[in-house]
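Trainee: coordinates only, sequence not included:
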């Protein structure tokens, strides 16, 4: 599944992200319940079709290795105060295909694999629901929509999303590529590594990561999101920037953008 972004621009470090997008003419979507699930916290808010917050954000802690049934119950309780929304968007920290969880590295892949998350939440919330990888959702709000753009989330692990002219490419779990004989990117750059080696050494690894990603992807722009992006303490290259973690919720607007043929978006 791909999504096309049109006439978009980045507004860094903002909880109100404005975009010009197309929505379904048949069912006007003005209020979207957007949920951002992380390994340590679950956040939710009502946003408009341009990604701007129109409610206060609510947050609860994610239990360690949280099983599906527990998370569904917690999410229903979390969003209970919200009303009047027409759609539901969920960002999930793992591989997702067609609303079905394939992997959940920091929540327990074995218990989550093949869980029909979108269908279950749609049944409970009684609204059309989409579930996608959390980095993909955040990326939809962060990108400019032009050229090759890579979005990386620095949190419990490393999340990645890849875009070409605003189109979300098939999701890659770059985090599980080996970068060391003993561990992958998740372990090399994730939260446990930050706490173990300290901020100074961790920043050295982020510098190396930027150079590695530039060599591999030759991206036009790279965006760093996630809770640990705030720990970057060096000057980033001109085509690299840190973005607000709130984009993980704002991006929930753009999974509902009307799909169009590529030729209709020709520049």
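Mentor: Cool, got the structure. This is a predicted model, so every value here is computed, not measured.

Trainee: hang on, residue 119 in a strand?
Mentor: No. Using DSSP: H, G, I helix; E, B strand; the rest coil, the secondary structure at residue 119 is helix, not a strand.

Trainee: How many residues are close by residue 238?
Mentor: 7 (other Cβ atoms under 10 Å). For every residue, glycine as well, the C-beta is placed using N, CA and C.

Trainee: Can you tell me how far it is from residue 221?
Mentor: 9 Å (Cβ to Cβ, to the nearest Å).

Trainee: my read: residue 142 touches residue 225, true?
Mentor: Yes. Counting by Cβ atoms under 8 Å, residue 225 is a contact partner of residue 142 at 6.4 Å.

Trainee: shared neighbours, these two?
Mentor: 151, 243, 247 (Cβ atoms under 8 Å, 6 or more residues apart in numbering).

Trainee: Find the nearest non-adjacent residue to the last one, please.
Mentor: Right, residue 247. residue 141 (4.0 Å; Cβ to Cβ, 6 or more residues apart in numbering).

Trainee: So that neighbour: helix, strand or coil?
Mentor: helix.

Trainee: go on, residue 170?
Mentor: Going by three-state DSSP: residue 170 is coil.

Trainee: Break down the stretch 151-267 of the chain into its strands, ranges please.
Mentor: 158-164, 167-168, 178-180, 183-184, 221-225, 240-242 (DSSP state E, counting those that start in this stretch).

Trainee: how big is the angle separating the longest one from strand 221-225?
Mentor: With axes from the mean of the first three to the mean of the last three Cα atoms, to 10 degrees applied, the angle from strand 158-164 to strand 221-225 works out at 150 degrees.

Trainee: packing partners for strand 158-164?
Mentor: Packing partners of strand 158-164 (3 or more Cβ pairs under 8 Å, 6 or more residues apart in numbering; DSSP states H and E): helix 134-142, strand 148-154, helix 185-189.

Trainee: who does it pair up with?
Mentor: According to DSSP bridges, strand 158-164 forms sheet pairs with strand 148-154 (antiparallel), strand 167-168 (antiparallel).

Trainee: what about the last one, average pLDDT?
Mentor: Average pLDDT, strand 167-168: 92.

Trainee: Please apply the same query to stretch 53-70.
Mentor: Averaged over stretch 53-70, pLDDT sits at 96.

Trainee: list the buried ones in it?
Mentor: Under the neighbour-count criterion of 16 or more other Cβ atoms under 10 Å, stretch 53-70 has 53, 55, 58, 62, 66, 68 buried.

Trainee: Distance from that stretch to the middle of the chain?
Mentor: When distances are taken as Cα atoms, centre = their mean, to the nearest Å, stretch 53-70 is centred 15 Å away from the chain's centroid.

Trainee: got the end-to-end distance for it?
Mentor: End-to-end distance for stretch 53-70: 27 Å, by Cα to Cα, to the nearest Å.

Trainee: Identify the residues contacting it?
Mentor: By Cβ under 8 Å, 6+ apart, stretch 53-70 touches 15-16, 31, 37-48, 71, 74, 77-79, 81-82, 101, 107-108, 111-112, 115, 117, 120, 246, 249-250.

Trainee: The helix or strand bottoming out on mean pLDDT in the chain: how far from the chain's middle?
Mentor: In the chain, no helix or strand scores lower on mean pLDDT, DSSP states H and E than strand 178-180, which sits at a mean of 71. The chain centre lies 24 Å from the centre of strand 178-180; the measure is Cα atoms, centre = their mean.

Trainee: Direction included, what does it pair up with?
Mentor: strand 183-184 (antiparallel).

Trainee: residues in contact with residue 206?
Mentor: With Cβ under 8 Å, 6+ apart, residue 206 has these contacts: 154, 189, 232, 234.

Trainee: Can you check what angle separates the top helix by length along the chain from strand 158-164?
Mentor: Longest helix of the chain, by residue count under DSSP state H: helix 191-217. Going by the same axes, to 10 degrees, helix 191-217 is angled at 20 degrees with respect to strand 158-164.
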